[in-house]
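Student: Have a look at this prediction, sequence included:
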Amino acid sequence: MAELKYRPVAHSHKEFLAKASKRKGFASAYNALELEYQVAGQMLKARSRAGLTQDAVAERMGTTKSAISRLESAGKHAPSLATLKRYALAVGCELQVKLVPQKAA
């Protein structure tokens, strides 16, 4: 794995959720964006595993750091499959999409 040239900011998602869940309307808003948060989390993990900065990914994709920041922000932007595929390739991954039957209620 490449040596990181930056120090990731410490973040405890569990602590964030515990604090944020006390706010009115948080649970419904968070649940509505569950898939977006999952995708954003996977993107961040893939970039971290590749040892790349947003600048490096942007260069590989032929775009800007701010565009990568928007891609990695859940709920603010809905990237196309083509963009997600380019991102995946830039961080050394392949994009996989699958449809899973819903569980009966």
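Tutor: That came through, no problem. Residues are numbered from 1 along each chain as shown.
Student: Mean confidence (pLDDT) on the lengthiest helix in the chain, please.
Tutor: Residue-count comparison of every helix in the chain, with assignments taken from DSSP state H, identifies helix 34-50 as the longest. When pLDDT is averaged over helix 34-50, the result is 92.
Student: Would you mind identifying the next helix or strand past it?
Tutor: Of the helices and strands lying after helix 34-50 in sequence (DSSP states H and E), the nearest is helix 54-61.
Student: Just the buried positions in the helix or strand just after that following helix, please.
Tutor: Using DSSP H and E, the helix or strand that follows helix 54-61 towards the C-terminus is helix 65-71. Across helix 65-71, burial judged by 16 or more other C-beta atoms under 10 Å covers A67, I68, L71. Any C-beta I mention is one placed from the backbone N, CA and C, and that applies to glycine too.
Student: quick one on the thing from earlier: show me what the longest helix of the chain is packed up against.
Tutor: In terms of contacts (3 or more C-beta pairs under 8 Å, 6 or more residues apart in numbering; DSSP states H and E), helix 34-50 is packed against helix 81-90.
Student: outside of the helix it packs on, which residues touch it?
Tutor: For helix 81-90, contacts defined as C-beta atoms under 8 Å, 6 or more residues apart in numbering pick out 39, 43, 46, 52, 57, 60-61, 68, 71, 79, 94-95, 97.
Student: Can you give me every residue that contacts the residue most central in space within the chain?
Tutor: Using C-alpha atoms, centre = their mean, the residue of the chain that lies closest to the mean C-alpha position is A40, 1.6 Å off. Applying C-beta under 8 Å, 6+ apart to A40 gives the contacts E72, S73, A74.
Student: so which of the residues you listed is the most crowded?
Tutor: The member of these surrounded by the most neighbours (other C-beta atoms under 10 Å) is E72, with 19 neighbours in all.
Student: Check the contacts of A40 against K14 and report the nearest one.
Tutor: Nearest to K14, judged by C-beta to C-beta, of those is A74 at 16.6 Å.
Student: Quick one: residues contacting that closest one.
Tutor: Under the criterion of C-beta under 8 Å, 6+ apart, the neighbours of A74 are L33, E36, Y37, V39, A40.
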